[in-house]
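Student: Have a look; sequence and predicted model below, questions after that.
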Amino acid sequence: MKRILAWFESRLSLRDSVGPMLMHPIPRGAAGPMGWFYVFGSASMTLLFLQIFTGILLALVYVPTASQAYESLVYMNYQQPLGWFLRSLHYWSGSAMVFMVMVHMVQVYLHGAYKYPRELNWLTGVGLLLLTLGMAFTGQVLRWDADAYWGLGVGASMAGRVPLLGPAIVDLMLGGPIIGADSLSRFFALHVFVIPGMLLGLLGVHLWLVIKRGVSAPPAPGKVVDPRTYQEDYEAELHKEGVPFFGEALLKDALFSSLTVIFVTVLAAVAGPKGPGALPEPALLGADPKPDWPFWWLFALLSLSPPAVETFIMLVFPVVLIAMLLLVPFISNRGERAPSRRPVAVMSVIVIVTVLAILTYYGDAEPWSPHMSAWSGDVMPINLVKKGTPLQMQGMLVFQNKQCRNCHALEGIGGRRGPDLTDVGIRLTRDQLIDQISNGTPGGGNMPAYGKQMNPAEMSAVVDFLGSLRPSGQAPAEPAAIGKP
């Protein structure tokens, strides 16, 4: 074995090239207990390599054509041995990579590790985050289901709003004016060749900067960054207390990365692959598409915002966010690094994470969208069936068959676009129910008018059913007396 290693060493000179990288000194604090804050970058890189490995295996079966992409994924899910697990591992490792890169960015920001002389480390990190999100979006398109089709349509619509260049960008993006076979080919090339190549190249630059500029020491209150003296002080600290990266620090990285891979593998085995969902058919009603989870916050923001600000959110807001990230090391590249001495930085992280978490929750819940399968899939609460009269039972059927459940929940089951009708009988009188159902929401609101879609018998039955929806022993709603509020 020694002779074999010596043969390779004499030709590759790994000891002189790779050795210094592994043995480069880092601050002792970065290898101690505080070193656990430094493991997220290595875990992100490990997940990237897992993505590349699983992606290569998937490419052996996946057919990147509009006519066969969907079928090839179904084949992998149900016929290819372990194909479902490979797809699942690819999806969940990609999701974990997005999450890990975000956590790494937050840790670097809170520790002030972007300050002098590591401004370029931060800028390349922002680039890696954007490319990772690009991988997530293009990966969703390759599923070529309804979510992919309409997600690509929304992306093209957003690009089309760019002044002057919009049509050209859409044509470049889709390979023509509409979504077709050329669209899938282009996104396959982006996902498999272009973005991974850019990721690996930028990752190489990022790692080179980490080696050249060194790993930042754990922040300590009162220990400020002064560009005039920082480099000299840092080198003195490394000379006095520095430890090689190939040691406890590398062990922490390896352990955390291994646990991450194990967690993702177990999650992939339990949760299974993502899609494909409904067929990518433009005429398919009830597709109910939405993006993958990294973009739920933007999905929710657009859905909850008035139409007047849509263009700003689509075109200006992302540019502002990216510009703010890129300007971080230039706005504050000196001074305190300890989070306890930087309350504005800590508060900004808390606010941003809270807002993103809330928007992500709403993006998942989609309270503004009808639950398109509720009318046929959600059961009627059993207690309503037990206490219902024959006329009310007929009203239940009308309520279900007219797809009212898609927008209105009963005892929390059903759509949430409209109000929950569990106790509507104590809020609206019979006449008010008839008026609401017949005329819908005034001014063309969310609820359509059903007056011409129900005959008198159906209207009487559904109103009697809705009027019965009230707590036991509670009197039904009555008209307000004249002269009283």
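Tutor: Nice, thanks for sending it over.

Student: tell me, what residue is most central in the chain?
Tutor: P294 (1.3 Å; C-alpha atoms, centre = their mean).

Student: quick one, what contacts it?
Tutor: P294 makes contact with 95, 98, 133, 136 under the criterion C-beta atoms under 8 Å, 6 or more residues apart in numbering. Every C-beta, even on glycine, is put in place using the N, C-alpha and C of the backbone.

Student: And A338, its phi and psi?
Tutor: Main-chain torsions, A338, degrees, to the nearest 10: phi -70, psi 130.

Student: which two from the contacts of P294 end up farthest apart in space?
Tutor: With distances taken as C-beta to C-beta, the most widely separated pair in the contacts of P294 is S95 and L133, at 11.6 Å.

Student: Going by residue numbers, what spans are helices in the stretch 51-200 of the chain?
Tutor: With DSSP state H, counting those that start in this stretch, the ranges of helices along the stretch 51-200 of the chain come out as 69-78, 83-110, 119-142, 146-160, 166-174, 181-189, 195-213.

Student: on that earlier part again, between S95 and L133, point out the one with more neighbours.
Tutor: Using other C-beta atoms under 10 Å, the more surrounded residue of S95 and L133 is S95, with 19 against 16.

Student: how does the protein divide into domains?
Tutor: 22-365, 374-467 (automatic domain parsing).

Student: Redo those as TSV? Include distance to A477 and mean pLDDT.
Tutor: Formatted as TSV, those follow (distance: least, C-beta to C-beta, whole Å; pLDDT from 0 to 100):
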stretch	distance to A477	mean pLDDT
domain 22-365	29	92
domain 374-467	5	86
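
Student: okay, those domains in CSV with distance to R11 next?
Tutor: Shown next, in CSV, are these (distance: least, C-beta to C-beta, whole Å):
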stretch, distance to R11
domain 22-365, 19
domain 374-467, 65
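
Student: Quick one, which of the ones you listed gets closest to R15.
Tutor: Using C-beta to C-beta, the nearest of the domains of the chain to R15 is domain 22-365, at 10.1 Å.

Student: what's the span of the closest one from first residue to last?
Tutor: 46 Å (C-alpha to C-alpha, to the nearest Å).

Student: Any idea how far that domain is from the middle of the chain?
Tutor: Remark: domain 22-365 is offset 10 Å from the chain centroid, using C-alpha atoms, centre = their mean, to the nearest Å.

Student: Begin at 6 from now on, thanks
Tutor: All set: I'll call the first residue 6, so the last point we hit is now domain 27-370.

Student: Tell me how far G420 lies from P372.
Tutor: 9 Å (C-beta to C-beta, to the nearest Å).

Student: which one of the two has more residues nearby?
Tutor: Legend: neighbour count by other C-beta under 10 Å for G420 and P372, higher for G420 (23 against 13).

Student: which residue sits closest to that one in space, ignoring its chain neighbours?
Tutor: H376 (3.8 Å; C-beta to C-beta, 6 or more residues apart in numbering).

Student: Tell me how many other residues crowd N338.
Tutor: 17.

Student: ok, back up a step: W149 versus the residue nearest to the centre of the chain, what's the distance?
Tutor: Counting by C-beta to C-beta, the gap from P299 to W149 is 19 Å.

Student: and what of V325?
Tutor: 32 Å.

Student: and what of S353?
Tutor: Taking C-beta to C-beta, one finds S353 at 39 Å from W149.

Student: With neighbour numbers in mind, choose between those two.
Tutor: W149 (30 against 13).

Student: Show the contacting residues for the more buried one.
Tutor: 71, 74-75, 78, 189, 281, 285 are the contacts of W149 under C-beta under 8 Å, 6+ apart.

Student: Name the nearest of those residues relative to Q145.
Tutor: Among these, and counting by C-beta to C-beta, the member closest to Q145 is P281, at 10.5 Å.

Student: that's a helix at the closest one, yeah?
Tutor: No: assigned with DSSP: H, G, I helix; E, B strand; the rest coil, P281 falls outside any helix and is coil.

Student: isn't it right next to Y80, touching?
Tutor: No: counting by C-beta atoms under 8 Å, P281 stays clear of Y80, with 11.0 Å between them.

Student: any chance you could map the strands in the stretch 306-455 of the chain?
Tutor: Using DSSP state E, counting those that start in this stretch, the strands of the stretch 306-455 of the chain run over 414-415, 418-419.

Student: ok, the last one: who's next to it in the sheet?
Tutor: What that stands for is strand 418-419. The pairing partners recorded for strand 418-419 under DSSP bridges are strand 414-415 (antiparallel).

Student: For the partner strand, which outside residues touch it?
Tutor: Contacts for strand 414-415 (C-beta under 8 Å, 6+ apart): 385-386, 389, 420-421, 425-427, 474.
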